[in-house]
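In: mind folding the following:
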Amino acid sequence: MRILAIVFLLCSEVLSAQVFVPAVYPKGYFRNPLDIPMDLSGNFGELRPNHYHMGLDLKTKARENFAVHAAADGYVARIKIEPAGFGRAIYVNHLNGYTTLYAHLNDFNPALEAWVKEQQYKQQSWRVFLDLPANLFPVKKGDLLAYSGNTGGSQAPHLHFEIRRSTDDVNLNPLLFGMPLADNVAPRILRMGIYDRTKSIYEQTAKLFPVKSTGANKYQASPELITVSAPIVSFGIGAFDTHTGSTNLNGIFESILYVDDQPVTGFQMDNISYNDTRYLNAHIDYKTKANGGPWLQQLFDLPGYINSIYKKVRTNGTVDLSDGAIHTIRIDVKDTYLNTATLECRVQYKAGVVAAPVASANNQMFYPLMLDGFEQEDCEFFIGERCLYDSVHIRYNRAAASAKAVSALHQIGASYIPLQEAYLIRIKPSRVLTSAEQQRTVMQWFAGSKKDVQKVEWQNNWASARFRDFGSYQLLVDQEPPQIVPIGFTDGADLSKATRIAFTVKDNYDKFKNVRPMLDGQWLRFTNDKGRTFIYRFDEKCPPGKHTLTIYAEDEAGNATTSTYNFTR
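Out: Numbers count the residues shown, from 1 in each chain. Predicted coordinates for the structure are as follows:
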C-alpha cells in the first residue's frame, strides 16, 4: 500500500506540473509555402500594438515576388483585398479541416488574378472579400498561388502565413505542425515585474526587477530576496525568443508561474481567434507600454479577459503572501520546441502604507463585465460590459472649447487605460446648431498626437459617437470638402507614354471615404494599397484615344467633391 501511495503521489506531481496538454496536430502535412528556407521575422502570438500576431512572418530576403505555393492539397476558399491589414490575401481550405492563409501578396497566379479582377468590376470595388466555391480553383500541394509582396499593413517584404481551424476560423500556432524550422535556442528573460493585486492594474506602476543569467538558461532576479508591501501580488515577465541562426527578437510560446514549486497559472500562444486578438491589451502591462516602457506579459488573468489564453491551476495568478513567510517564485518560459528558460527569486511580504485612489464625483469607479455610465449637464458616457479589462477609476474633466469647436472639451479617462470595445460618448453643443450644421457635425477624439473623427448621430440635441480609446472629445462642424490631388498629370494631359495614372485625396481632418473614379462614365479599378495613393495601371479598360476621368470623394462629415480630367491615351 505504501508503494502504491508513493506512485500515486509521484503521478499527481507530474500531472500538476504539466499545466498544458501538448497539442496534437498533423506533422508534415503542410509544407513551407516558399521555396527558400524558412526564416522568421515574426512568430505566432508575438506582441503587436493592440493585437497578437496571428501567424508566421516568413522572410523573403528583403525582396518581393518569390513564388508562394499551396501548403497542401485543397481549394481556394476566399480572397481578400484591402488597403491595410492583409493587403492581398488568399485562403485555402484543406481536406483535413484546416485553412491556410497567405497575406501581403502581389499578383495572384494568372487564372486567379483574372477572375478576381472580373469580380472587382462586377462589384465596382477594388476592396473585396470574396467567397469561392470548392470546385472553382482546386490546388495541389506545391501549386503556385501568388507572388510574395509588401501589400497592406506590411512594413517590409515578407509572407504572412497562418493555419486555422476551418470550422470556427480559430488561429493555431503553425510551428506546432512540424514546419521545417530548426530551433535549439531557448528564450531569453530580460526582466520581471511585480504588481499589487489589491488595487487596479491601471492605478499603479509595475515594480520592475532586472535579471541576470546564472548559466544553462537559468536566470536570477535581483535582489535575490524581494520584499513587497502588498499582501497579494502577481507577476509579469519580459522575454523574447528566437530560432537557430536568427537574430530576430520574436515572441515566446508559453510561460508558467510556480510558487514554492507548485504551478499556479500559465499562458500559451495557441488557439486564438481574430475576435479575441485585441485582448492582447489584457495580457500585457498596457500602462507601462503606453507610457514608453518595455513589453511585459502578465502571469495573471484580468477579470475582463474573455476566452483568455491563461490556464488556472490554483488561482488566476494572484499570490497570497500575507503569512509573511519567504516564498520561492519560479517562472518557466518555453518555445514551441520546448526549449526552456527559468527565472527564480524569493519574495516576502512586509506590511507598508498603501495609498488608496481618491474617489470624487468626477472620478468614478467602473468595473469589467458591468454596464455603467456617467452624466453631466453637457456630457455623458456609457461603458459597456466588454469594454474594460480591470476595475478602474475613470476621471472626467471639462475644459473650455477650442476656437473651431462647437462644444466644450471633455476629457475622459487616460490613454493608458485600454478598451476592448468602443464606448458611447454623448455631447451637447455649446450653441444651437442649424439643421445644415448638424448634418456636418463630427466628434473629434485626440490623445497626444493621435486624432480621429466620427460622424455623430443626433437625439434631442445630443450628439453621440463611439470610440475605442479614452482621451479628449469635442464637436466640430466640418463644411470643408476633401481635395483630389492628381499626381503627375493635369487636365488635357497627353498620357500616351505613361504606364499609369494616380491621385491622392486630402482632407482637413485626414478622414475620407467613398472615393469613386469613373472613366468615360464607367467605374475604373484604382488600387489603394496602404490607404495612400490611388493608382490605375493602364490596361484594356483604357484603350488609345481621348478619355474623361471623373473622381468623386466624400469625407466623414459627408462633404463631397468631384473633379474631372480629360487626357489622351
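In: dump the residue contacts of the nearest residue to Ala414 once chain neighbours are set aside.
Out: Residue nearest to Ala414 in three dimensions, not counting chain neighbours: Phe470, with 5.9 Å by CB to CB, 6 or more residues apart in numbering. C-betas here are computed from N, CA, C, even on glycine. Residues near Phe470 by CB atoms under 8 Å, 6 or more residues apart in numbering: Ile394, Ile412, Gly413, Ala414, Ser415, Ile417, Leu419, Ala447.
In: count residues in the vicinity of the last one, would you?
Out: A count of neighbours around Ala447, defined by other CB atoms under 10 Å, yields 18.
In: give the contact list for the nearest residue to it once chain neighbours are set aside.
Out: Distances taken as CB to CB, 6+ apart place Gly471 nearest to Ala447, at 3.4 Å, with adjacent residues excluded. Contacts for Gly471 were tallied using CB under 8 Å, 6+ apart; they are Gln411, Ile412, Gly413, Ser415, Trp445, Phe446, Ala447, Lys450.
In: quick one: pLDDT of Gly471?
Out: As predicted, Gly471 sits at a pLDDT of 98.
In: could you do Ala351 as well?
Out: pLDDT for Ala351: 88.
In: skip the chain neighbours and tell me the closest residue to it.
Out: Closest to Ala351 by CB to CB, 6+ apart is Ser229, at 6.8 Å.
In: isn't the one you found up against Lys350?
Out: Yes - counting by CB atoms under 8 Å, Lys350 is a contact partner of Ser229 at 6.6 Å.
In: okay, those two: which has more neighbours?
Out: Taking neighbours as other CB under 10 Å, Ser229 and Lys350 compare with Ser229 leading, 13 against 10.
In: what about that one, distance to Thr277?
Out: Between Ser229 and Thr277 the computed distance is 36 Å (CB to CB, to the nearest Å).
In: count of neighbours near the residue nearest to Tyr305 when sequence neighbours are not counted?
Out: Among residues not flanking Tyr305 along the chain, Ala282 sits closest, at 3.9 Å (CB to CB, 6+ apart). Here the number of neighbours of Ala282 (other CB under 10 Å) works out to 25.
In: Three-state assignment for the nearest residue to Gln119 once chain neighbours are set aside, please.
Out: Of all residues not flanking Gln119 in the chain, Leu130 sits nearest, at 5.7 Å (CB to CB, 6+ apart). Following DSSP: H, G, I helix; E, B strand; the rest coil, the label given to Leu130 is strand.
In: which residue is the nearest non-sequential neighbour of Ala557?
Out: What sits nearest to Ala557 in space, not counting adjacent residues and going by CB to CB, 6+ apart, is Asp478, at 3.9 Å.
In: gap between the two ends of stretch 553-561?
Out: Stretch 553-561 stretches 6 Å from its first residue to its last (CA to CA, to the nearest Å).
In: in that stretch, which residues are buried?
Out: With burial defined by 16 or more other CB atoms under 10 Å, the residues of stretch 553-561 counted as buried are Ala553, Glu554, Asp555, Glu556, Ala557, Gly558, Asn559, Thr561.
In: what about that stretch, distance to the chain center?
Out: The chain centre lies 28 Å from the centre of stretch 553-561; the measure is CA atoms, centre = their mean, to the nearest Å.
In: ditto for stretch 531-550
Out: Its chain's C-alpha centre and that of stretch 531-550 lie 35 Å apart, by CA atoms, centre = their mean.
In: what's the answer for stretch 332-346, then?
Out: Distance, stretch centre to chain centre, for stretch 332-346: 26 Å (CA atoms, centre = their mean).
In: average model confidence for it?
Out: Mean pLDDT, stretch 332-346: 97.
In: list the contacts of it.
Out: Stretch 332-346 is contacted by residues 173, 175-176, 183-189, 192, 209, 211, 217-221, 224-226, 237, 239, 241, 243, 252-256, 258, 326-331 when judged by CB under 8 Å, 6+ apart.
In: weed out the non-buried ones from those.
Out: 173, 175-176, 183, 185-189, 192, 209, 211, 217, 219-221, 226, 237, 239, 241, 243, 252-256, 258, 327, 329-331.
In: in helices, which of the residues you listed appear?
Out: Among the buried ones among the contacts of stretch 332-346, DSSP state H puts none in helices.
In: shouldn't Pro418 be in contact with Asp285?
Out: No - Pro418 lies out of contact with Asp285 (CB under 8 Å); the separation is 10.8 Å.
In: so what's the residue nearest to Ala447 bridging to?
Out: Here Gly471 sits in beta bridges with Ile412, going by DSSP bridges.
In: for it, give its distance to Ser464.
Out: Distance of Gly471 to Ser464, given as CB to CB: 16 Å.
In: surely Phe86 is in a strand?
Out: No - assignment of Phe86 by three-state DSSP gives coil, placing it outside any strand.
In: low pLDDT regions in this structure?
Out: The model of the chain has pLDDT under 70 over residues 1-17, 353-361.
In: ok so, going back, need the max-distance pair from the buried residues of stretch 553-561.
Out: Spatially, the most separated pair among the buried residues of stretch 553-561 is Glu556 and Thr561, at 13.7 Å (CB to CB).
In: now the terminal residues of stretch 533-541, how far apart.
Out: End-to-end distance of stretch 533-541 (CA to CA): 20 Å.
In: one step back: so the residue nearest to Gln119 sits against Glu118, correct?
Out: No - the pair Leu130 / Glu118 is not scored as a contact, 10.5 Å apart, by CB under 8 Å.
In: between the two, who's got more neighbours?
Out: A count of neighbours by other CB under 10 Å puts Leu130 above the other of Leu130 and Glu118, at 16 against 10.
In: hey, what's that one bridged with?
Out: Judged by DSSP bridges, the bridge partners of Leu130 are Ile79.
In: who's in contact with it?
Out: Arg78, Ile79, Lys80, Val116, Gln119.
In: helix/strand/coil for Ile36?
Out: Under three-state DSSP, Ile36 comes out as coil.
In: mind checking how far it is from Ala67?
Out: To Ala67, Ile36 is 10 Å away according to CB to CB.
In: in terms of helices and strands, where is Lys287?
Out: Under the criterion of DSSP states H and E, Lys287 resides in helix 286-290.
In: my error: substitute Glu113 in the last question.
Out: If you go by DSSP H and E, Glu113 is part of helix 110-123.
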